[in-house]
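# Next come a sequence and a model predicted from it.
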Amino acid sequence: MFNNILEYTLKHKGKTAGAEGRIAISIAGDNQKHKKLVAQLVDLTGFDTVDTGSLAESWRQQPGTPAYCTELNEAELKQALANAEKERALAIRDLIMGNLISKGSWPSYEEILAGNRSLQMGNK
């Protein structure tokens with residue numbers, strides 16, 4: 001459930017429920033009871049939850065999609081999930097990874113986030 005946000009975000013960006021700028025995390029699954037439990041864990045960690053539906057739809061939150069590691073609020077995340085293009089996700093993922101590798105040294109949190117967001121916006 002926490003593989004579609006950055007480690008820094010998980011560690012430092014959680015906020016209380018209802019706080020302005022609270023980041024949302026997408027979840028998917030085929031068992032409603034389990035998703036409810038996961039949503040409670042996400043909330044306790046300081047993030048909102050967006051349910052993307054079944055496991056068959058979980059590709060919408062995977063690497064190369066606008067929802068992956070772009071640290072969005074609930075409304076933005078819902079839009080990013082809707083904008084996901086399965087056919088393009090692998091190419092975008094590879095472009096993002098290539099950009100990270102080409103930097104020579106590991107980029108900062110801000111650089112990773114900006115790169116993920118700009119590539120997603122630029123490829124839409």
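Nice, thanks for sending it over.

# For the rest of this, base every contact and every neighbour count on C-alpha atoms.
Noted.

# Now do R88 against M97, distance only.
Note on R88: its distance to M97, by C-alpha to C-alpha, to the nearest Å, is 14 Å.

# so what's the residue most central in space within the chain closest to, chain neighbours aside?
For the chain, Y68 is the residue whose C-alpha lies nearest the centre (C-alpha atoms, centre = their mean; 3.4 Å). Using C-alpha to C-alpha, 6 or more residues apart in numbering and skipping the chain neighbours, the partner closest in space to Y68 is N4 (5.0 Å).

# surely the one you found meets Q61?
Yes - counting by C-alpha atoms under 8 Å, N4 does reach Q61; the two are 6.7 Å apart.

# more neighbours, those two?
More neighbours surround Q61 than the other of N4 and Q61, with 25 against 18 (other C-alpha atoms under 10 Å).

# Before we move on, what's the pLDDT of that one?
Here, the pLDDT recorded for Q61 equals 93.

# I'd like the distance between the residue of the chain most remote from its centre and G98.
In the chain, the residue that sits farthest from the middle, by C-alpha atoms, centre = their mean, is G104; the gap is 24.8 Å. Per C-alpha to C-alpha, G104 is found 11 Å from G98.

# could you pull out the helices for this structure?
Secondary structure of the chain by DSSP state H: the helices cover 7-12, 32-45, 74-83, 86-101, 109-122.

# can you redo those as a markdown table with mean neighbour count?
Output for those, formatted as a markdown table (neighbours: other C-alpha atoms under 10 Å):
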| stretch | mean neighbour count |
| --- | --- |
| helix 7-12 | 12 |
| helix 32-45 | 15 |
| helix 74-83 | 17 |
| helix 86-101 | 15 |
| helix 109-122 | 16 |
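
# Alright, that wraps it up for me.
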